[in-house]
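**Student:** Structure for the following, please:
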Amino acid sequence: MTAPDPATEPHRFLEHLFQAAVRRAMPLHNTAAFLPPPPKGRTIVLGAGKAAGAMAQAVEALWPADAPLRGLVVTRYHHTPPRPRGLKQRIEVVEASHPVPDEAGLAAAQRILQMAHGLTRDDLVLCLMSGGASAVLTLPAEGLTLADKQRINRELLGSGANIAEMNCVRKHLSRIKGGRLAAACAPARVLTLAISDVPGDDPSIIGSGPTVPDATSCADAVAILQRYAIKVPGAIMSLLEQGALETPKPGDGVFFGHEVHLIATPQQSLEAAADAARAAGLEAHILSDEMEGESREVGKVHAALARAVALRGEPFRKPCVILSGGETTVTVKKQPAGTAPGRGGRAAEFCLGLTQALQGQLGVWALAADTDGIDGTEDNAGALVAPETLSRALSLGMKADQYLDRNDAYGYFRKLDDLVITGPTHTNVNDFRALLILG
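**Tutor:** Numbering: from 1, shown residues only. Down below sits the predicted model:
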């Protein structure tokens with residue numbers, strides 16, 4: 001694909017890099033190398049996450065037509081990809097709510113757990129996991145209601161907790177996460193294929209690791225709940241403090257013979273974007289695929305680096321592209337009574353923090369977007385920044401700090417017509433950020 005000219009179409013060029021990153025993470029491009037031969041017994045496909053529908057289609061396309069195959073996966077609402085003509089459906093796909101779970105996700109989790117029971121050593125379970133599974137695959141621990149889980153999820157999402165902390169809590173408050181699905185599948189062989197959306201690519205964190213050993217403890221979950229002042233029912237807290245909701249640990253025999261393969265990762269997508277930039281004649285630098293922290297603060301750090309390159313040619317020579325990934329967080333500020341809450345996800349808030357710190361720096365353009373195509377709960381993937389972003393906003397009476405104060409990055413970039421809107425991409429390797437710095 002021919003790249004737009006970065007000098008004359010900087011935003012289109014950045015969108016080109018984003019598309020290159022997303023293409024690298026598409027399940028159909030990455031699954032074949034990890035599929036085993038059909039087993040002697042049954043093959044059951046179980047899965048969850050924003051990419052689960054596309055992953056299921058990839059397995060259907062690649063699995064021998066004469067070999068038995070059935071299963072169930074659950075994905076986010078509106079994230080089931082169109083079915084290619086002629087591809088027979090053998091794996092059921094259902095949809096549920098994200099990021100806060102709902103009854104549909106509860107029903108799907110119950111069915112998936114039921115399908116795991118009664119398997120034999122001759123059977124194979126293909127578990128397809130991607131980011132978003134923690135929400136769409138929900139099965140509360142005994143004594144915990146769906147309403148409890150919904151409230152706890154909302155509070156975790158707005159607390160500033162990172163993904164590892166959130167998923168530690170989720171695993172210990174679940175009957176299916178944290179290796180418990182693997183335990184239900186025993187003695188069948190389990191092969192987990194995962195698309196990573198987490199810093200460090202730890203399979204036990206991706207989707208809260210339903211088929212993966214969990215090294216965290218009930219005590220860890222208690223500490224996180226206390227750190228962020230999140231309440232759980234007293235009886236559940238007592239069980240956590242007693243260690244009664246512990247998850248299967250590394251070395252547990254239930255995982256004997258199991259395999260886990262990452263079929264797509266954030267680093268691979270960043271490398272694909274870097275290759276696309278270099279093909280257009282630009283130097284490309286990947287900072288990290290594991291960046292965490294408050295979105296607006298990460299934006300300020302990127303702005304400082306971009307300004308150093310633009311003004312002094314350090315630490316990189318311009319023209320160049322700077323790339324990063326990971327999963328930042330947004331701590332939602334409480335607003336005065338009667339004030340409408342702001343809108344926006346991690347990517348848009350990063351862009352707003354970046355805009356504020358760049359202060360209209362000439363020669364710097366940026367794009368930040370979530371690779372699943374949805375920034376938080378909005379209809380955009382992310383947003384775009386240009387040297388004139390701040391001045392255009394001020395001409396409309398929009399002050400960046402006021403929009404940041406109410407976590408309304410979506411409103412800021414919508415009024416500038418600078419939202420990136422792609423719709424669901426059917427994959428998910430988390431945050432993608434690209435800064436273009438020209439001479």
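**Student:** make it CA atoms for all contacts and neighbour counts henceforth
**Tutor:** Will do.
**Student:** how does the protein divide into domains?
**Tutor:** Per automatic domain parsing, the structural domains of the chain span 27-264, 266-437.
**Student:** In contact with the residue nearest to Gln356 when sequence neighbours are not counted, which residues?
**Tutor:** Of all residues not flanking Gln356 in the chain, Ala400 sits nearest, at 6.1 Å (C-alpha to C-alpha, 6 or more residues apart in numbering). The neighbourhood of Ala400, defined by C-alpha atoms under 8 Å, 6 or more residues apart in numbering, consists of 352, 355-356, 390, 412.
**Student:** So which residues of the stretch 1-150 of the chain form helices?
**Tutor:** Applying DSSP state H, counting those that start in this stretch to the stretch 1-150 of the chain gives helices spanning 10-24, 52-62, 103-116, 133-136, 146-157.
**Student:** sec struct for Ser238, please.
**Tutor:** helix (DSSP: H, G, I helix; E, B strand; the rest coil).
**Student:** From Asp214, how far out is it?
**Tutor:** Separation of Ser238 from Asp214 (C-alpha to C-alpha, to the nearest Å) stands at 21 Å.
**Student:** who has more neighbours, the two?
**Tutor:** Comparing Ser238 with Asp214 by other C-alpha atoms under 10 Å, the one with more neighbours is Asp214, at 24 against 14.
**Student:** Who are the contact partners of the more buried one?
**Tutor:** Contacts of Asp214 by C-alpha under 8 Å, 6+ apart are 178-179, 204, 247-250.
**Student:** what's the distance between Ala409 and Cys320?
**Tutor:** The value you get for Ala409 to Cys320, if C-alpha to C-alpha is used, is 26 Å.
**Student:** In terms of neighbours, single out the busier of those two.
**Tutor:** Using other C-alpha under 10 Å as the criterion, Ala409 and Cys320 rank with Ala409 on top: 29 against 22.
**Student:** where does the stretch 1-150 of the chain have low pLDDT?
**Tutor:** Within the stretch 1-150 of the chain, the segments meeting pLDDT under 70 span 1.
**Student:** no no, the stretch 251-400 of the chain
**Tutor:** 338.
**Student:** Next, count neighbours for Leu126.
**Tutor:** 22.
**Student:** Thr8 now?
**Tutor:** Based on other C-alpha under 10 Å, the number of other residues close to Thr8 is 9.
**Student:** correct me, but Leu282 touches Arg317?
**Tutor:** No: Leu282 lies out of contact with Arg317 (C-alpha atoms under 8 Å); the separation is 10.0 Å.
**Student:** More neighbours: these two, which one.
**Tutor:** Leu282 (20 against 16).
**Student:** Pull the contacting residues for the nearest residue to the more buried one once chain neighbours are set aside.
**Tutor:** Excluding the flanking residues, the one nearest Leu282 by C-alpha to C-alpha, 6+ apart is Cys320, at 5.3 Å. Residues counted as contacts of Cys320 (C-alpha under 8 Å, 6+ apart) are 282-285, 436-438.
**Student:** How about Leu106?
**Tutor:** 136-139, 146.
**Student:** If we use 7 Å, what do you get?
**Tutor:** 137-139 (C-alpha atoms under 7 Å, 6 or more residues apart in numbering).
**Student:** want to try JSON lines for those, with neighbour count and distance to Gly344 as columns?
**Tutor:** Formatted as JSON lines, the contacts of Leu106 follow (neighbours: other C-alpha atoms under 10 Å; distance: C-alpha to C-alpha, whole Å):
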{"residue": "Leu137", "neighbour count": "35", "distance to Gly344": "24"}
{"residue": "Thr138", "neighbour count": "29", "distance to Gly344": "25"}
{"residue": "Leu139", "neighbour count": "27", "distance to Gly344": "28"}
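**Student:** so, if you compare those, which one comes nearest to Ala310?
**Tutor:** When the contacts of Leu106 are ranked by distance to Ala310 (C-alpha to C-alpha), Leu137 comes first, at 45.6 Å.
**Student:** Buried ones in stretch 55-71, by neighbour count?
**Tutor:** 55-61, 63, 69, 71 (16 or more other C-alpha atoms under 10 Å).
**Student:** which element follows the helix or strand hosting Leu352 toward the C-terminus?
**Tutor:** For Leu352, the element it lies in under DSSP states H and E is helix 346-358. Using DSSP H and E, the helix or strand that follows helix 346-358 in sequence is strand 364-370.
**Student:** hmm, who's touching the helix or strand following that next one?
**Tutor:** Using DSSP H and E, the helix or strand that follows strand 364-370 in sequence is strand 382-385. Contacts with strand 382-385, where a contact means C-alpha under 7 Å, 6+ apart, come from 347-348, 351, 355, 365-370, 375, 413, 418-420.
**Student:** tell me which of these is nearest to Gly86?
**Tutor:** So of these, ranked by how close each gets to Gly86 (C-alpha to C-alpha), first place is Asp370, at 31.0 Å.
**Student:** so the closest one touches Ala381, yeah?
**Tutor:** Yes: between Asp370 and Ala381 there is a contact at 5.3 Å, judged by C-alpha atoms under 7 Å.
**Student:** Can you classify Ser288 by secondary structure?
**Tutor:** From three-state DSSP, the assignment for Ser288 is coil.
**Student:** Could you find the closest non-adjacent residue to it?
**Tutor:** Ser288's closest residue in space is Ser324 (C-alpha to C-alpha, 6+ apart), at 5.2 Å.
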